[in-house]
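Student: what follows is a predicted protein model with its sequence.
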Amino acid sequence: MRYLIAGGGTGGHIIPALNIARALMKFDIEAQFLFVGTERGLERKIVPDAGFELKIVDAKPWRGISSLRNFLKSSSRVRRIIKDFRSDAVIGTGGYVSAPAIIAAKSTRKPLFIQEQNTYPGLATKLGSLFAKRVFLGFEQAKELLWRKSRAIFTGNPAVLAIPNSDKESARRKFGLLQNYRTILLTGGSQGASALNEVMKIVIDKNEIPPKTQIIWQCGEQDFPSLDKYIAEKDLPIALQPFIDDMGNAYLAADMVISRAGALTLAEIAIAGLPAVLIPYPYAAADHQKANAKAFANAGAAVIIDQKDLIPQILSAEIAEILTNSALMQKMSSAAKSLAKPDAAKNIAGEIVKMLEG
């Protein structure tokens, strides 16, 4: 089978696409894949680095009727790519390029599959729900907002988190940390989050972290130089990295997580079964990170701090409340695990193969 996969912009759209492709390869080792994305998105680097071919489309965000010319041009470009590649199916995972790919799939009569990561589906997913064979949902709540609901199924998000079959002690050694300290994993996502980084600096300066607490800190490339200098002046067990490649050991080493509320990050937190303090990115489309976070908070797996309320006293209070209360940590951990869908990628791939064979 030959699959055209459209998804890009952020890691939250690209990583699910890659995970679905890898899962499809386990069903069909001869399957071929071609990704389409934009020049500006992270897919420009991530997709080729993962070993897949990428075609560039000049797709831009929809801003009303003024965007129609670009949309039609992008759709025509994807339609030509589908024909040249002789695609058997099209898979969309979000981003600017997904909507043109959806229209191109419809016009070329190729089976279409959509994977929506968030509680609030984007415009491309709503459009795709009209034509798709299946819409795979990361959150069950998203179904009610689709334009066509009958072909949507809840699978969870296709996060693939390889947590080592070892112990916290081994994982902490990999980060050069102490064994008998509670450990926080602080991450603003693959690009970091300056708002989280700045407030954590103040918490440290005010000595408002509980005693015997250490941090695994993914800060992003932009803030790393200044934070690296800052941490060097502190006598604290902090493993600072611009980007963590070994997230499996990072989650294993941690006792709790402080993070944004991107869909894939939440899927990983659930698989790891960790209590979380979530600070949703306030400028996400339709405030979808806030909706994502609420799903975890309602289940008892997380607490939410809005960025407008993110001050050191509130963050340090939430950290202390979790890390000093073993019963609460266990309760939140169990709630997180109840939300986990570790087989989502395999199940999505299996459903795609079954429908195409049918």
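Tutor: That came in fine, so what should we check first?
Student: switch to C-alpha atoms for all contacts and neighbour counts from now on
Tutor: OK.
Student: show me the contacts for the residue nearest to residue 255 when sequence neighbours are not counted.
Tutor: Leaving aside its chain neighbours, residue 255 sits nearest to residue 183 (5.3 Å; criterion: Cα to Cα, 6 or more residues apart in numbering). By Cα atoms under 8 Å, 6 or more residues apart in numbering, residue 183 lies in contact with 213, 214, 215, 216, 253, 254, 255, 256.
Student: tell me the SS of residue 240?
Tutor: Following DSSP: H, G, I helix; E, B strand; the rest coil, residue 240 is assigned to strand.
Student: residues contacting the nearest residue to it once chain neighbours are set aside?
Tutor: Of all residues not flanking residue 240 in the chain, residue 217 sits nearest, at 4.8 Å (Cα to Cα, 6+ apart). By Cα under 8 Å, 6+ apart, the residues touching residue 217 are 185, 186, 187, 238, 239, 240, 241.
Student: so which helix or strand takes in the residue nearest to the spatial centre of the chain?
Tutor: By Cα atoms, centre = their mean, the chain has its centre lying nearest to residue 264, at 2.4 Å. Element membership for residue 264, per DSSP states H and E: helix 263-272.
Student: same question for residue 185.
Tutor: Residue 185 is part of strand 182-187, with elements assigned from DSSP H and E.
Student: quick one: strands adjacent to that strand?
Tutor: In the sheet, strand 182-187 lines up against strand 213-218 (parallel), strand 256-259 (parallel) (DSSP bridges).
Student: quick one on the thing from earlier: nearest to residue 63 among the contacts of residue 217?
Tutor: Nearest to residue 63, judged by Cα to Cα, of the contacts of residue 217 is residue 187 at 31.4 Å.
Student: my read: the closest one touches residue 215, true?
Tutor: No: taking contacts as Cα atoms under 8 Å, residue 187 lies outside contact range of residue 215: 10.3 Å.
Student: show me which of these two is the more surrounded one.
Tutor: residue 187 (25 against 22; other Cα atoms under 10 Å).
Student: residue 111 - nearest residue in space that isn't next to it in sequence?
Tutor: residue 89 (4.9 Å).
Student: ok, that neighbour - contacts?
Tutor: Going by Cα under 8 Å, 6+ apart, residue 89 touches 2, 3, 4, 105, 110, 111, 112, 113.
Student: tell me where the model's unsure across the stretch 101-250 of the chain.
Tutor: By pLDDT under 70, the low-scoring segments of the stretch 101-250 of the chain are 190-192.
Student: need the helices for it, in chain order.
Tutor: Under the criterion DSSP state H, counting those that start in this stretch, the stretch 101-250 of the chain contains helices at 123-128, 168-174, 194-205, 224-232, 247-253.
Student: would you format the ones you listed as CSV with mean neighbour count included?
Tutor: Putting the helices of the stretch 101-250 of the chain into CSV (neighbours: other Cα atoms under 10 Å) gives the following:
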stretch, mean neighbour count
helix 123-128, 22
helix 168-174, 17
helix 194-205, 16
helix 224-232, 13
helix 247-253, 23
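Student: closest to residue 23 out of the ones you listed?
Tutor: Minimum separation from residue 23 across the helices of the stretch 101-250 of the chain (Cα to Cα) falls at helix 247-253, 18.7 Å.
Student: circling back to that earlier point, pick the most buried one from the strands paired with strand 182-187.
Tutor: Among the strands paired with strand 182-187, strand 256-259 has the highest mean neighbour count (mean count of other Cα atoms under 10 Å), at a mean of 24.
Student: which residues are contacting that strand?
Tutor: Strand 256-259 has contacts (Cα under 8 Å, 6+ apart) with 183-189, 196, 269, 274-280, 322-323.
Student: now render the strands paired with strand 182-187 as a markdown table, adding distance to residue 49.
Tutor: Converted to a markdown table, the strands paired with strand 182-187 look like this (distance: least, Cα to Cα, whole Å):
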| stretch | distance to residue 49 |
| --- | --- |
| strand 213-218 | 21 |
| strand 256-259 | 26 |
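Student: so which of these comes closest to residue 158?
Tutor: Closest to residue 158 of the strands paired with strand 182-187, according to Cα to Cα: strand 256-259, at 19.0 Å.
Student: one step back: taking the contacts of residue 217, tell me the two that lie furthest apart.
Tutor: Using Cα to Cα, those span at most 13.1 Å, a distance reached by 187 and 238.
Student: state the distance from the nearest residue in space to residue 126 that is not next to it in sequence to residue 289.
Tutor: Spatially, and ignoring its direct neighbours in sequence, residue 126 is nearest to residue 146 (5.0 Å; Cα to Cα, 6+ apart). Using Cα to Cα, to the nearest Å, residue 146 is found at 18 Å from residue 289.
Student: how about the contacts of residue 217 in TSV, adding distance to residue 207?
Tutor: Shown next, in TSV, are the contacts of residue 217 (distance: Cα to Cα, whole Å):
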residue	distance to residue 207
185	18
186	17
187	20
238	14
239	18
240	18
241	22
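Student: restricted to buried residues, select these in PyMOL.
Tutor: Buried residues within the contacts of residue 217, by 16 or more other Cα atoms under 10 Å, are selected in PyMOL with:
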select buried, resi 185+186+187+238+239+240+241
